[in-house]
Every structure is written in C-alpha cells, then in structure tokens.
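Colleague: whatever this is, show me its structure:
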Amino acid sequence: MSASATNPANMVPPGGTVIHGKKQDLVVTDRTISIGGRAFELAAVDRVVYRSAARINQASYRIGVGQGDETCLFTFDAYKRGTELADSRRLYGQVVEVLEAVVCPAIAAAAARAVTAGQTVTFGSSPAARINADAEGLRPRRPFARTVPWSRIVHADLHQGQARVWTAGSGDAEDGRRNSSPAMSMDMMGWNAVVLPRVVGLLGRR
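Modeller: Numbering: from 1, shown residues only. Now for the predicted structure:
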C-alpha cells in the first residue's frame, strides 16, 4: 500500500518498537513501519536507508523508507543523560534488525533480478556517492570511473557509515581490516546503499 495514516505512533502493538522524535515518532510492527503517522507495509518498501554516528557524549541516527514516489525520513539524537544513549542504541538496533530481516532481502532480490534482466540499478542518492550496477559489474557514478566486472568483485560490507566493495586486487578483500582499501565505497546515507552488500553476495564472482 502507499503511505497512509493507518498506524498512529501512539498505538504500539505488542512486540512493536517506538522511537519518539522531537516532531514525529517512528513505529515498527511485524508488518509496517510508520513515521509521523505515515505507514508503509514492510513487504512493499522499495527504498531504505539507515545510518548511525556516535561520539563520546552524543549519537545521531537516521532511518528512512520509501515506496514508489513516497519517501519518509526519521532522524533523532541521543545524549549522555542517564540511560538515554544505551536506550536509543537499543531501539535503533531493533528497527535495523527488522529492516535487515524483511526489507533489505526483498530489495536486494529485486535489484539482482533487474540487473540480470539487463537493467541498471543505482545504489545511493545525491548528494551522497552513488554506485551503478548492471550486467557488466559495478561503477561509481563519477567522471571517468570504470566498471569493475563482477568476476573481480568478491565481497562487500557496511563499516563505519560506509558501504564498501572489495575486489581481488583491493587488498584483504575478505574482511577489509588489514592495511587495505576497498575498490569503491559510498556513504550509507543514500537510498539502498545498505542493500549493496546483499546484491554483491547474489551477483558477485559471476
């Protein structure tokens, strides 16, 4: 379904998660995610974003979903006041778990089908960096960038706010922890950037 106001944030079903923001609330159930009273069915979401940034006494979070022409973003901050930092991290983690279990696999599968059918799929969105995927491989959307063929792509991950792609020639491609640099990367702030590792898992090494 399209976005609607069918799931008010003050009515949280058992097992749901609610995060209170300054101007709107986010509510997640086993079937829907609602931001400011606008609800999306998890199974129908075709765009997703989530990202966190932590400092010593503060953390910032961003969660967004979209379907068709409808998108909705939710941001909130947490500070070192009592258990606020820990509570916010826990709630954010619960929302991400739902997105990773339901939304991201479906988006990744649809993207893989589109690429296999000869279409070009873009991960990320302006002004964040973007990466195109097509039948040939992956290419950063910047001037003079070259396509890295699927046969060279071996691994992708999410690390410190970045979606990273590793190739056979980009150092320690399996975990990216030892004196190596990814072949390409982009900020997780863009739409569906967090889905790229799943797509690489489906299409890499073809």
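Colleague: burial of the nearest residue to residue 168 once chain neighbours are set aside, as a residue count?
Modeller: Spatially, and ignoring its direct neighbours in sequence, residue 168 is nearest to residue 152 (5.3 Å; C-beta to C-beta, 6 or more residues apart in numbering). C-beta coordinates here come from the backbone N, C-alpha and C atoms, glycine included. A count of nearby residues for residue 152, using other C-beta atoms under 10 Å, gives 18.
Colleague: where does residue 152 sit relative to residue 137, distance-wise?
Modeller: According to C-beta to C-beta, to the nearest Å, residue 152 stands 7 Å off from residue 137.
Colleague: quick one: buried residues of the helix or strand harbouring residue 90?
Modeller: Residue 90 belongs to helix 84-98 when assigned by DSSP states H and E. Across helix 84-98, burial judged by 16 or more other C-beta atoms under 10 Å covers 85, 88, 91-92, 95-96, 98.
Colleague: same question for stretch 27-46.
Modeller: Here stretch 27-46 shows 27-29, 32-42, 45-46 as buried, counting by 16+ other C-beta under 10 Å.
Colleague: equivalent analysis for stretch 62-70, please.
Modeller: By neighbour count with 16+ other C-beta under 10 Å, stretch 62-70 contains the buried residues 62-67.
Colleague: how about the CA coordinates for it, as CSV?
Modeller: Presented in CSV, the C-alpha positions along stretch 62-70 are these (Å, rounded to 0.1, in the frame of the first residue of the first chain):
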residue,chain,number,x,y,z
ARG,A,62,18.8,8.3,10.5
ILE,A,63,16.2,5.9,9.3
GLY,A,64,14.2,6.1,6.1
VAL,A,65,11.9,4.1,3.9
GLY,A,66,10.1,4.7,0.6
GLN,A,67,7.7,3.1,-1.9
GLY,A,68,7.2,4.5,-5.4
ASP,A,69,7.1,8.3,-5.2
GLU,A,70,6.6,8.3,-1.4
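Colleague: show residues contacting stretch 73-80.
Modeller: In this structure, residues lying in contact with stretch 73-80 by C-beta atoms under 8 Å, 6 or more residues apart in numbering are 19-22, 24, 26, 35-36, 49, 56-64, 84-85, 87-89.
Colleague: so, low pLDDT: which residues of this structure?
Modeller: Along the chain, segments meeting pLDDT under 70 span 1-15, 170-179.
Colleague: which residues in it form helices?
Modeller: Counting by DSSP state H, the chain has these helices, from start to end: 84-98, 104-116, 196-203.
Colleague: for the shortest one, which positions count as buried?
Modeller: I take that to be helix 196-203. The neighbour-count check on helix 196-203 (16+ other C-beta under 10 Å) flags 196-200, 202-203 as buried.
Colleague: which strands and helices lie in contact with it?
Modeller: Counting by 3 or more C-beta pairs under 8 Å, 6 or more residues apart in numbering; DSSP states H and E, the packing neighbours recorded for helix 196-203 are helix 104-116, strand 121-123, strand 131-133, strand 153-159, strand 162-167.
Colleague: how about 6 Å then?
Modeller: helix 104-116, strand 153-159 (3 or more C-beta pairs under 6 Å, 6 or more residues apart in numbering; DSSP states H and E).
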